[in-house]
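Participant: coordinates only, sequence not included:
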DNA sequence: AAGCCTTGTCAGGCGACCTGACCAGGGCAC
DNA sequence: GTGCCCTGGTCAGGTCGCCTGACAAGGCTT
């Protein structure tokens, strides 16, 4: 395995305990699955038109609202400081994926919005994620992957309702 | 959500697509579940006797073999460079969790071994992981968590057989 | 208008990785 | 045996993604 294949969230698991009867911690399994999926995603993202998008940029595409969002709110959602968020947004702005427009309601604030190219990139990335998931259904069975998703959706809605808003509000799930 | 609650693997998901019908990428769900579990683990680890163990150290406890392991092999398993692995091992050695003993078969090499305290820490961490999983069974239902584990074990055995050796060799699973 | 919160930026620092260069020891070919 | 190349580990230096601290500009309350 090549270094640079992205860090594995450490402390995440441990194969065998001296006794021999050990189960691998669930965290280790989640980590392996996550990294494997992300690896496929990154390969495809890197091969396409939007290859200058780095993992760090993800928080913007992941959380920014359609009609723009303040830096402070973005930082809050992404669980990073506003300084870090600002840096990421700067970078994405230089690359033409987002722009800052003045917030009409507060002259201190700016709304971070995707540009046209930004929306293309978002849709592209989203499509890649869907493609990877489809491939995994073929690889492991549709039912298994769907059951996996269902359980994880329940967990995510409980553990991080802020990060997955529509799961926390079921009435929006069938729009 | 406080910054410092550990980075969320970015690029991992995105709630709603302009259209509205979006599914959150599986990566985003895996990420939320993983981070939530690790958060519980870290709180408990930080509260106990082994609070000086940092996430980075995990790769050692996760991968080191009972009878020792060469740095190069550890680095390979953990998907990091041997330089990075060396730094981590240094740190853990200063804290008394591992020691390097000369490899009898190759005078260039040293075997990285857990000390007594290291083994205690490993067992402790392992116990914490089991406790978190048990709590999740109570929270989400035993069957769901077990199904989750079963699917993830299959995925892990396929995607990263090296990192989860005994899953890749089913004959060892029932020792 | 005074004082106190916010919004976002500037400056500086740190941890966890990386690449490149290197030495000591091993494993051949000859 | 003596070159010669390969491998295990270390030293040096750099990058990236995040952090804390300090602060100016604008809003809100009294």
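Facilitator: In hand now; what should we look at? Since the model is a prediction, treat every value here as computed from it, not as a measurement. Numbering: from 1, shown residues only, chains lettered A, B, ... in the order given.
Participant: which residue packs closest to residue A:115, ignoring adjacent ones?
Facilitator: residue A:99 (5.5 Å; CB to CB, 6 or more residues apart in numbering or on different chains). C-beta here means a position set from N, CA and C on the backbone, and glycine is covered the same way.
Participant: can you pull the contacts of that neighbour?
Facilitator: Neighbouring residues of residue A:99 by CB atoms under 8 Å, 6 or more residues apart in numbering or on different chains: A:93, A:112-113, A:115.
Participant: for the strand or helix carrying residue A:120, packing partners?
Facilitator: Under the criterion of DSSP states H and E, residue A:120 resides in helix A:116-140. Applying 3 or more CB pairs under 8 Å, 6 or more residues apart in numbering or on different chains; DSSP states H and E, one finds that helix A:116-140 makes contact with helix A:26-47, helix A:58-63, helix A:142-159, helix B:26-47, helix B:142-159.
Participant: close enough to count as contact, residue A:24 and residue B:160?
Facilitator: No - the pair residue A:24 / residue B:160 is not scored as a contact, 11.0 Å apart, by CB atoms under 8 Å.
Participant: Let's see which of the contacts of residue A:99 end up in strands.
Facilitator: Within the contacts of residue A:99, residues falling in strands by DSSP state E are A:112-113.
Participant: just the contacts of residue A:99 now: which is nearest residue B:148?
Facilitator: Nearest to residue B:148 out of the contacts of residue A:99 is residue A:112 (CB to CB; 35.3 Å).
Participant: ok, that closest one - contacts?
Facilitator: The contact partners of residue A:112, by CB under 8 Å, 6+ apart, come to A:60, A:64, A:68-71, A:74, A:89, A:98-100.
Participant: where does chain A dip in pLDDT?
Facilitator: A:1-22, A:165-175 (pLDDT under 70).
Participant: how does it look with 90?
Facilitator: By pLDDT under 90, the low-scoring segments of chain A are A:1-23, A:160-175.
Participant: For DNA strand D, what's its nearest residue on chain A.
Facilitator: When scored by CB to the nearest atom of the strand, chain A has residue A:107 as its residue closest to DNA strand D, at 2.9 Å.
Participant: for that residue, helix, strand, or coil?
Facilitator: coil (DSSP: H, G, I helix; E, B strand; the rest coil).
Participant: wait, what's in contact with it?
Facilitator: Shown in contact with residue A:107 (CB under 8 Å, 6+ apart): no residues.
Participant: I'd like the distance between it and residue A:89.
Facilitator: According to CB to CB, to the nearest Å, residue A:107 and residue A:89 sit 19 Å apart.
Participant: Could you do residue A:121 as well?
Facilitator: Per CB to CB, residue A:121 is found 14 Å from residue A:89.
Participant: next one: residue A:23
Facilitator: Noted for residue A:23: a distance of 42 Å to residue A:89, by CB to CB.
Participant: Please say which of the two ends up with more neighbours.
Facilitator: residue A:89 (24 against 20; other CB atoms under 10 Å in any protein chain shown).
Participant: Touching, that one and residue A:70? I think so.
Facilitator: No - judged on CB under 8 Å, residue A:89 makes no contact with residue A:70 at a distance of 10.7 Å.
Participant: ok, which residues in chain A are in contact with DNA strand D?
Facilitator: Contact residues (CB under 7 Å from any atom of the strand) of chain A with DNA strand D: A:54-56, A:59, A:79-81, A:83-84, A:87-88, A:106-108.
Participant: From the residues you listed, pick the one nearest residue B:32.
Facilitator: The shortest gap between residue B:32 and any of the residues of chain A next to DNA strand D belongs to residue A:79, at 11.0 Å (CB to CB).
Participant: Share the number of residues neighbouring that closest one, please.
Facilitator: If you count neighbours by other CB under 10 Å, residue A:79 ends up with 20.
Participant: Residue A:80 now?
Facilitator: By other CB under 10 Å, 23 other residues sit near residue A:80.
Participant: What values do phi and psi take at it?
Facilitator: For residue A:80, the backbone dihedrals (degrees, to the nearest 10) come out as phi -130, psi 170.
Participant: Looks like it contacts residue A:59 (just checking).
Facilitator: Yes - Residue A:80 lies in contact with residue A:59 (CB under 8 Å); the separation is 7.0 Å.
Participant: quick one: stretch A:25-39 to chain centroid distance?
Facilitator: Using CA atoms, centre = their mean, to the nearest Å, the mean C-alpha position of stretch A:25-39 is found 14 Å from that of the whole chain.
Participant: Also stretch A:49-61?
Facilitator: In terms of CA atoms, centre = their mean, the centre of stretch A:49-61 is set 10 Å apart from its chain centre.
Participant: and that stretch, how far apart are its ends?
Facilitator: By CA to CA, to the nearest Å, the extent of stretch A:49-61 from end to end equals 16 Å.
Participant: Stretch A:70-90 now?
Facilitator: Stretch A:70-90 end-to-end distance (CA to CA) = 13 Å.
Participant: Could you give me the buried positions within that stretch?
Facilitator: Neighbour-count burial for stretch A:70-90 flags A:70-71, A:73-80, A:82, A:84-86, A:88-89 (criterion: 16 or more other CB atoms under 10 Å in any protein chain shown).
Participant: now, which of those lie within helices?
Facilitator: Mapping the buried residues of stretch A:70-90 onto helices (DSSP state H) picks out A:71, A:73-78, A:82, A:84-86, A:88-89.
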